[in-house]
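Engineer: no sequence on this one, just coordinates:
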């Protein structure tokens with residue numbers, strides 16, 4: 001995730017203005033290591049996700065409603081799949097689904113169904129908060145952009161319950177005003 005100095009994760013509705021070349025390189029590097037990416041439906045729409053460049057990488061979109069355009073390159077390529085409640089119908093039977101929970105996604109149950117060992121969580125803030133609340137985050141890779149953006153943009157977590165999970169700094173790098181920080185769970 002990328003954030004401004006003052007904590008916002010968006011400028012004008014998405015994160016692109018907060019990013020830079022080195023941040024994009026870090027993201028590509030993490031994606032090259034990941035077995036699967038998990039992202040919220042709003043983030044897919046706002047950031048306009050496409051088919052991943054890494055062969056075999058899949059992107060799971062967490063949604064309570066399945067109200068997504070299932071005809072995008074992401075889904076047509078077979079790389080995109082849905083993570084949704086068991087009781088939600090899907091308009092395209094060819095789209096792969098991971099189902100867990102009723103009415104809302106049971107994230108621990110859904111994550112246990114994913115293949116691989118490195119699941120890259122790419123937000124948005126509401127999904128991040130839910131993943132933290134479910135105790136499913138072991139590592140955080142954050143870029144702090146050298147911008148102050150003001151406004152009321154969301155933080156890295158939004159609409160979640162209060163938590164206090166301790167992480168330790170594992171790496172800090174900088175490039176042209178950007179800070180890249182890797183945190184790992186202290187108790188794992």
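Structural biologist: The structure has been received and is ready for your questions. These numbers were taken from a predicted model, which means no experiment stands behind them.

Engineer: Validate this expectation: residue 108 resides in a helix.
Structural biologist: Yes: counting by DSSP: H, G, I helix; E, B strand; the rest coil, residue 108 falls inside a helix.

Engineer: That one: neighbour count?
Structural biologist: Residues lying near residue 108 (other Cβ atoms under 10 Å) number 13. All C-beta atoms are positioned from the backbone trio N, CA, C, and that covers glycine.

Engineer: excluding its backbone neighbours, what's nearest it?
Structural biologist: Distance criterion Cβ to Cβ, 6 or more residues apart in numbering; nearest residue to residue 108, sequence neighbours excluded, is residue 134 at 5.4 Å.

Engineer: tell me the phi and psi of the residue nearest to the spatial centre of the chain?
Structural biologist: Central residue of the chain (Cα atoms, centre = their mean): residue 122, 1.7 Å from the mean position. The phi/psi pair for residue 122 (degrees, to the nearest 10) reads phi -120, psi 20.

Engineer: Got the confidence number for it?
Structural biologist: Model confidence at residue 122, given as pLDDT, is 94.

Engineer: distance between the top helix by length along the chain and the chain's centre?
Structural biologist: Identified as the longest helix of the chain according to DSSP state H is helix 21-33. A distance of 14 Å separates the centroid of the chain from that of helix 21-33, by Cα atoms, centre = their mean, to the nearest Å.
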